[in-house]
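J.: I would like to see how this sequence folds:
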Amino acid sequence: MTGGGTAGHILPALDFLEAYRREAGAEGFFIGCEGGMERRLVPAQSVRMETIPGKPWARQGWFGRIRALASLPPGILAARRILRREKVDLVIGTGGYASLGTCIAARTLGVPVAIHESNVEPGLANRLISKFADLIGVGFEETRRAFGPRSVVTGIPARQVPRMPPAVPNFIVLGGSEGSPILNAEAPRLFSELRHRGIRFTVRHLTGFSDPVAVERAYARAGVEARVEGFVDDMRPVYAGATFALAAAGARTLAELSACGIPCLPVPTQGTADDHQILNARFYAERTGALTVPEGPWDTAALASRIEAALRSAGAGQGASDRAKPAATELVRHCERLLARLSPSA
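T.: This next block holds a predicted model:
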């Protein structure tokens, strides 16, 4: 498995790796980049990791992009050495700069390549890899327009957690692995407005890898008591006790909230690669009827009224879970069919 850059690339790869062990009894490992977020996420799942050179392309200036291009050839060579040494039978890429070099290396060695795209709008790495990939899995039927008839809809890996509704509404604020500047700035003011309206609730705000201290201070200035944390490896307890979510519009986050039936206000982070979060949020809203809030100054009073109404609506958010289609097992089955088809004895 290979993916790198954000948790949205890394965590699906780990899900596919676990599904392959469970469904096919196959062992595998993760290939990422030196200094990437995978350094924390992958060992936490007790998964073996190999690293190759690589630098990010998205959201980089001209100098950063020159560095990214310069790191690609040594990354490909390093990946070739790893794939040959480990006698790898299949590479699955989930996007990101680590995925591009590894999938190119696999192609040069004749190793089958599968990719998975979770976002509605494919990222650059997957668009490039799709030109030679043997299998293309996507989260949505709409994404197939970018890849054509060779792609198959598998859904998005999503943890489904039984919910235990608390006595009072419990809001969760999810900024994604890289954090959401707009949620960090505006959520405390929004909850202050809700508090002034006499609504009782609790707040758990996850800032990702950005600094939680500044957000804690913002809540203190707003007069709102909140539990503020950085990145959380195990999201199951977070989802289990949630009533309503304000969340950055990463594809995996929205899929998991949908799978758990948690009503959500998607707040896409601007400046992400190809603005994929804006498209994710728009698509999620079309399917669920959720309100989306773009970055920029919020109309706090109007937004508080919408959330207040949602909390009072019986069954708010119900039915969302039937829209989530877990992807890991489905992709593994397609990969097994691919390997059987490519087998010399087939």
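J.: surely residue 126 and residue 118 touch.
T.: No. With contact defined as C-beta atoms under 8 Å, residue 126 does not count as touching residue 118 (9.5 Å). Just so you know, the C-beta spots here come from the backbone N, C-alpha and C atoms, and that holds for glycine as well.
J.: just checking, which helix or strand of this protein averages the lowest pLDDT?
T.: For the chain, scoring each helix and strand by mean pLDDT, DSSP states H and E identifies helix 38-44 as the least confident one, at a mean of 82.
J.: what helices and strands are in contact with that one?
T.: helix 7-24, strand 30-33, strand 49-52 (3 or more C-beta pairs under 8 Å, 6 or more residues apart in numbering; DSSP states H and E).
J.: what residues sit buried inside it?
T.: 38, 41-42 (16 or more other C-beta atoms under 10 Å).
J.: for stretch 141-154, buried residues please.
T.: Result for stretch 141-154 [16+ other C-beta under 10 Å]: buried residues 143-144, 146-147, 151, 154.
J.: one step back: could you tell me the least trusted of the helices and strands packed on helix 38-44?
T.: Ranked by mean pLDDT, the helices and strands packed on helix 38-44 bottom out at helix 7-24, with a mean of 86.
J.: can you spell out which helices and strands pack onto that helix?
T.: strand 30-33, helix 38-44, strand 91-93, helix 251-260, helix 328-342.
J.: may I see those organised as CSV, with distance to residue 67 added?
T.: Compiled in CSV, the helices and strands packed on helix 7-24 are given as follows (distance: least, C-beta to C-beta, whole Å):
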stretch, distance to residue 67
strand 30-33, 12
helix 38-44, 19
strand 91-93, 21
helix 251-260, 27
helix 328-342, 32
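J.: do you know which of the ones you listed lies nearest residue 277?
T.: helix 251-260 (8.5 Å; C-beta to C-beta).
J.: after that closest one, next one along is what?
T.: strand 264-266 (DSSP states H and E).
J.: that older thread, can you work out which residues contact both of residue 126 and residue 118?
T.: residue 95 (C-beta atoms under 8 Å, 6 or more residues apart in numbering).
J.: neighbour count: these two, which is higher?
T.: residue 118 (31 against 27; other C-beta atoms under 10 Å).
J.: name the nearest residue to the more buried one, ignoring sequence neighbours.
T.: residue 251 (3.9 Å; C-beta to C-beta, 6 or more residues apart in numbering).
J.: check residue 193 and give its pLDDT.
T.: 96.
J.: distance of it from residue 267?
T.: Between residue 193 and residue 267 the distance is 16 Å, computed by C-beta to C-beta, to the nearest Å.
J.: higher neighbour count, the two?
T.: Neighbour count, other C-beta under 10 Å: between residue 193 and residue 267, residue 267 has more, with 24 against 21.
J.: ok, that one to residue 207 distance?
T.: 14 Å.
J.: which residues touch residue 246?
T.: 171-174, 183, 187, 190, 264-265, 267.
J.: of those, closest to residue 103?
T.: residue 174 (29.4 Å).
J.: my read: residue 58 touches residue 124, true?
T.: Yes. Residue 58 lies in contact with residue 124 (C-beta under 8 Å); the separation is 7.0 Å.
J.: mind checking the helices and strands packed on helix 7-24 for the one nearest to residue 51?
T.: strand 30-33 (5.8 Å).
J.: cool, thanks, talk later.
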